[in-house]
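[1] from the sequence below, what's the structure:
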Amino acid sequence: MNRIAAVFCLLPFAAAIASAADLTVVVKDVRSSTGSVFIAVYDRDTSFMKPPLAKLARKANAAPGEIKFVVHDLPPGTYAVSSYHDENSNGKLDTNSLGVPTEGYGFSNDAQGAGGPPKFAQAAFDFDGKSAKTIEFSLNY
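    Below is the predicted model:
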């Protein structure tokens, strides 16, 4: 009977050890409450900026200022996040005839590309999976 009691006493600790930490992504400088804000979390260079290959994607209603996304139980790794403000609710980042975005967009580390989106390495950050982490970046309009 004592063994059974000991197992039940240790169960909460085992659950805490097995679960991964949360990543909070704060998207700043959202200019309006029109439409939605999307994030995509990528875990490798080969999938970066290819939404169907993202590790995960989230959507929230837009609001002026900042939007917080909490990703639960993210395993350890190197990640990069992209975001955009879909102001007209058409499900994509709109661009002009030259391919320049006409809606807000941003990347982890506030990474900027030269003549296009940044590379994965520019937006990448390490996540140890053991302790909660918050990253913040601004949208560019």
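[2] going forward, measure contacts and count neighbours with C-alpha atoms only.
    OK.
[3] where are the low-confidence patches of the chain?
    1-19 (pLDDT under 70).
[4] longest strand in it, please.
    The longest strand of the chain (DSSP state E) is strand 77-86.
[5] how far away from the center of its chain is it?
    5 Å (Cα atoms, centre = their mean, to the nearest Å).
[6] so what secondary structure elements neighbour it?
    Applying 3 or more Cα pairs under 8 Å, 6 or more residues apart in numbering; DSSP states H and E, we find strand 77-86 packed against strand 36-42, strand 105-107, helix 120-123, strand 125-127.
[7] okay, the ones you listed in CSV with distance to residue 82 and mean neighbour count next?
    Below are these laid out as CSV (distance: least, Cα to Cα, whole Å; neighbours: other Cα atoms under 10 Å):
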stretch, distance to residue 82, mean neighbour count
strand 36-42, 5, 23
strand 105-107, 5, 24
helix 120-123, 8, 19
strand 125-127, 12, 16
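[8] what's the closest of those to residue 66?
    Across the helices and strands packed on strand 77-86, residue 66 has its closest neighbour in strand 36-42 (10.0 Å, Cα to Cα).
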